[in-house]
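*Asks:* sequence unknown, structure follows:
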């Protein structure tokens, strides 16, 4: 069974926290590929600070700098005619690759409001979910909303081993990065030298060369 992971996001900009999640998911779940896919920002949300082309190029440069086999970049959402929800993205992917084990990767901060996502219940019909720890957000089953408790009880396997094409839930511990794209944009605007801790050199050079986030 081929096993693939998907890590989506605005990547505005991508940072080492995102990249670390992709690499850790690949190793922990023994994925054949992990695909990083920039979201198309819907018209009713605040638009990204950088263009689609710049966000995609920053992601490509960053993944190239990783030199990690199996980590790839996709622009399929950016090329779509309209905005697609996560459920719609995974439904389309499942239809195209019915026998592949698909894993949707997210941070703990996203999991804690996952039940507010559009058609969230259908996502486990198309893919499994891998949730990563994040600073300031911990897994406490008793404090979860009832909707998340239901998903946890139904899909949590208790071990990080893929056995089915979809419908499993994993919680992964990895090196936490206490950074967000929002904070990184602030640091870039402030010309804070600390940004080099969170961005590959090639990505930082691209940002400076094109005057992004300044």
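*Replies:* Looks like it came in fine. Keep in mind the model is a prediction, meaning the values are calculated, not measured.

*Asks:* Against which helices or strands is the worst-scoring helix or strand of the chain on mean pLDDT packed?
*Replies:* Sorted by mean pLDDT, DSSP states H and E, the helices and strands of the chain end with helix 108-111, the least confident at a mean of 88. Other elements packing on helix 108-111 under the criterion 3 or more C-beta pairs under 8 Å, 6 or more residues apart in numbering; DSSP states H and E are strand 128-132. (Each C-beta comes from the backbone N, C-alpha and C, glycine too.)

*Asks:* Direction included, what does the strand it packs on pair up with?
*Replies:* If you go by DSSP bridges, strand 128-132 pairs up with strand 101-107 (parallel), strand 169-172 (parallel).

*Asks:* any idea how far the shortest one is from the chain center?
*Replies:* Put plainly, it is strand 169-172. Its chain's C-alpha centre lies 14 Å from the corresponding centre of strand 169-172 when counted by C-alpha atoms, centre = their mean, to the nearest Å.

*Asks:* And stretch 184-194, by the same measure?
*Replies:* The chain centre lies 22 Å from the centre of stretch 184-194; the measure is C-alpha atoms, centre = their mean.

*Asks:* can you check stretch 26-37 too?
*Replies:* Averaged over its C-alpha atoms, stretch 26-37 has a centre that lies 11 Å from its chain's centre (C-alpha atoms, centre = their mean).

*Asks:* Now do that stretch: everything it contacts.
*Replies:* When contacts are defined by C-beta atoms under 8 Å, 6 or more residues apart in numbering, stretch 26-37 is touched by residues 2-9, 11, 14, 18, 22-23, 25, 59, 63, 68, 70-77, 89, 103, 105, 130, 160-162, 170, 172, 174.

*Asks:* any low-confidence regions in the chain?
*Replies:* In the prediction, the chain carries residues with pLDDT under 70 at positions 42-44, 134-138, 176.

*Asks:* Would you map the helices across it?
*Replies:* When assigned using DSSP state H, the helices of the chain occupy the ranges 16-28, 52-66, 76-79, 86-96, 108-111, 146-155, 181-189, 201-210.

*Asks:* Adding mean neighbour count and distance to residue 192, write the strands paired with strand 128-132 out as JSON lines.
*Replies:* JSON lines is the format used below for the strands paired with strand 128-132 (neighbours: other C-beta atoms under 10 Å; distance: least, C-beta to C-beta, whole Å):
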{"stretch": "strand 101-107", "mean neighbour count": "23", "distance to residue 192": "23"}
{"stretch": "strand 169-172", "mean neighbour count": "18", "distance to residue 192": "30"}
